[in-house]
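1. The sequence isn't on hand, but the structure is:
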Ligand code: FAD
């Protein structure tokens, strides 16, 4: 009987367990997680979970499943609050605190952790946002109406800023790059979404770095490279995430901005597969290695890695058009595809006057990406067109027809 082991008790790890059971695997399953919480969903941590709750109670915890469901429905053993510290691929063993867990099949889904801002360790009031415990700290500070400085105008920083504003808290976002989200959506749409911050009363300072975060035990101010001093009781650092691979040093896996895998999510080491934010796999659609930090791909990769690991002879490549969403104020931003474009064209709505628009991204003569703001019904249509490698002209024609249909 084979032992199916998952390291990382979050989205990709859970989906791996579910897929293993769905595929008929009935051997023992063990899930090892560093956090003491049951597996929970992260997107709400910078959205719903930060919102005020009426009557001062606690917000709903975003757990995926109960302990009973893990034990009975999934028949999986959970080892929580205990990080894996070492992987021995020769003996096929994972080391945890005072235990060695042997495996036949191993799915590594250790995700990523928030990148720290150097020089802020030990300063109270400075938070990254990756875990439930982080969100708890930020929530408490927002409840206390902390003057908030957000460092980094990516998804997480921008969502925290939205929440702070919606509570009426004073918030400034500092971004070293010229616009928010520039790596994820490119400069043109980065500038367009920047306006959402300004329209909602969030101060946004772009193109300026942070020179120091200061305070005596508790943070008091953020000093910028141009000399600006921002008083702060809460600093949220959203400057990206780092794949959690430290424990794999010396394991023989190829580590290079994540765990390098082939198109089947196979690491090249017998029995070992990777999935989710930690995996840098060969995306056949892109023709090169890619590491995503998006919910949908983490969930899908968890399931795909488990199926491939349990039946390598029938392994199928995992390929995807990347997709993510982010909620700012009353706007839902959604993006599919690849932001590196030769041209970005707004095909519906207006970025300056309307709270709703569709932008298409051209690379050579193809449709490469699409961004919508409050265009939930549109975005998946464009995902389909990108998958089919639709030409730019056909995509523009498609957009024209959609626009006419909507107007009629
Ligand atoms: P993770 O969720 O990072 O989980 C990895 C788990 O492994 C963690 O629990 C970690 O503690 C554990 N671990 C690490 N090292 C070890 C070890 N050595 N031993 C055992 N366990 C270990 N994506 C979107 O598409 N849309 C959104 O709106 C969105 N919002 C987000 C908001 C926030 C605040 C955050 C943090 C992320 C958001 N994401 C969003 C990204 C999405 O949540 C991630 O892509 C997803 O969580 C990745 O899942 P994962 O299982 O690969 O890794």
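-> Structure received. All values reported here derive from a predicted model rather than from experimental measurement. Residues are numbered from 1 along each chain as shown.
2. So which bits of the stretch 1-150 of the chain are right by the ligand?
-> Within the stretch 1-150 of the chain, the positions adjacent to the ligand are 7-13, 32-35, 42-43, 45-46, 83-84, 109-112, 129-130 by C-beta under 6 Å from any ligand atom. No exception for glycine: its C-beta is placed from N, CA and C like everyone else's.
3. what's around the closest residue to the ligand within the stretch 51-200 of the chain, how many residues?
-> Residue of the stretch 51-200 of the chain nearest the ligand, by C-beta to the nearest ligand atom: residue 111 (2.1 Å). Using other C-beta atoms under 10 Å, the number of residues around residue 111 comes to 24.
4. mind listing what it touches?
-> Applying C-beta atoms under 8 Å, 6 or more residues apart in numbering, we find residue 111 in contact with 8, 10, 12, 243, 244, 276, 277, 278, 298.
5. So what's the residue count around the second one?
-> Residue crowding around residue 10 was assessed by other C-beta under 10 Å; the count is 26.
6. likewise the last one?
-> Residues contacting residue 298 under the criterion other C-beta under 10 Å number 24.
7. so it touches residue 278, yeah?
-> No: applying C-beta atoms under 8 Å as the test, residue 298 and residue 278 come out as separate, 9.2 Å apart.
8. one step back: which of the residues of the stretch 1-150 of the chain next to the ligand are buried, as a PyMOL select command?
-> The buried residues among these can be selected in PyMOL (16 or more other C-beta atoms under 10 Å) with this line:
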select buried, resi 7+8+9+10+11+12+13+32+33+34+35+42+43+45+46+83+84+109+110+111+112+129+130
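9. Could you tell me which of the residues of the stretch 1-150 of the chain next to the ligand belong to strands?
-> With strands taken from DSSP state E, the overlap with those comprises 7, 32, 84, 112.
10. Among the residues you listed, which pair sits farthest apart?
-> With C-beta to C-beta as the measure, no two of those lie farther apart than 32 and 112, at 16.9 Å.
11. pretty sure residue 285 contacts residue 320?
-> Yes: the criterion here is C-beta under 8 Å, and residue 285 meets it with residue 320 at 6.7 Å.
12. mind listing what the closest residue in space to residue 283 that isn't next to it in sequence touches?
-> Counting by C-beta to C-beta, 6 or more residues apart in numbering, residue 290 is the residue found nearest to residue 283 once chain neighbours are left out, at 4.4 Å. By C-beta under 8 Å, 6+ apart, the contact set of residue 290 is 280, 281, 282, 283, 322.
13. Considering only those, which also neighbour the ligand?
-> For the ligand, no contacts are drawn from the contacts of residue 290 by C-beta under 6 Å from any ligand atom.
14. ok, which pair from these is furthest apart?
-> The most widely separated members of those, counting by C-beta to C-beta, are 282 and 322 (14.1 Å).
15. residues in the stretch 251-400 of the chain within reach of the ligand, list them.
-> Going by C-beta under 6 Å from any ligand atom, the residues of the stretch 251-400 of the chain near the ligand are 276, 277, 293, 294, 295, 296, 298, 324, 325, 326.
16. most surrounded residue in the residues you listed?
-> Counting neighbours by other C-beta under 10 Å, residue 276 comes out on top of those with 34 neighbours.
17. quick one: residue 84 from residue 66, how far?
-> Counting by C-beta to C-beta, to the nearest Å, the gap from residue 84 to residue 66 is 24 Å.
18. longest single helix anywhere in this protein?
-> helix 182-199 (DSSP state H).
19. next structured bit after that helix?
-> Sequence-wise, the next helix or strand downstream of helix 182-199 (DSSP states H and E) is strand 203-206.
20. how about the nearest residue to residue 244 once chain neighbours are set aside, what does it touch?
-> Distance criterion C-beta to C-beta, 6+ apart; nearest residue to residue 244, sequence neighbours excluded, is residue 110 at 4.1 Å. Taking C-beta under 8 Å, 6+ apart, we find residue 110 in contact with 7, 8, 34, 84, 243, 244, 245, 247, 278.
21. Please report how far the third one lies from residue 51.
-> So the one you mean is residue 34. The gap separating residue 34 from residue 51 is 27 Å, by C-beta to C-beta.
22. swap in residue 392?
-> Residue 392 sits 40 Å away from residue 51 when distances are taken as C-beta to C-beta.
23. now do residue 38
-> Note on residue 38: its distance to residue 51, by C-beta to C-beta, is 22 Å.
24. Looking at the two, which has the bigger crowd around it?
-> Using other C-beta under 10 Å as the criterion, residue 38 and residue 51 rank with residue 38 on top: 19 against 13.
25. before we move on, what SS does the more buried one have?
-> Here residue 38 takes the coil state, with states given by DSSP: H, G, I helix; E, B strand; the rest coil.
26. Give me the spatial nearest neighbour of it, chain neighbours excluded.
-> Spatial nearest neighbour of residue 38, chain neighbours left out: residue 63 (5.0 Å); criterion: C-beta to C-beta, 6+ apart.
27. about what we covered before: out of the residues of the stretch 251-400 of the chain next to the ligand, which one sits closest to the ligand?
-> Nearest to the ligand among those, counting by C-beta to the nearest ligand atom, is residue 276 at 2.1 Å.
28. pLDDT wise, what is the closest one at?
-> Per-residue confidence (pLDDT) for residue 276: 98.
29. which non-adjacent residue is nearest it?
-> Nearest residue to residue 276, sequence neighbours excluded (C-beta to C-beta, 6+ apart): residue 12, at 3.0 Å.
30. quick one: contacts for that neighbour?
-> 107, 109, 111, 275, 276, 277, 278, 298, 299, 301, 302, 305.
31. For my notes, confirm residue 335 occurs in a strand.
-> Yes: the assignment for residue 335 is a strand, going by three-state DSSP.
32. Buried residues in stretch 329-346, which are they?
-> Neighbour counts over stretch 329-346 (16+ other C-beta under 10 Å) mark 329, 331-339, 341, 344, 346 as buried.
33. Tell me the span between the first and last residue of it.
-> Across stretch 329-346, the terminal residues are separated by 21 Å (C-alpha to C-alpha, to the nearest Å).
34. Stretch 238-252 now?
-> Taking C-alpha to C-alpha, stretch 238-252 runs 31 Å from one end to the other.
35. For that stretch, buried residues please.
-> Across stretch 238-252, burial judged by 16+ other C-beta under 10 Å covers 238, 239, 241, 243, 244, 245, 247, 248, 251.
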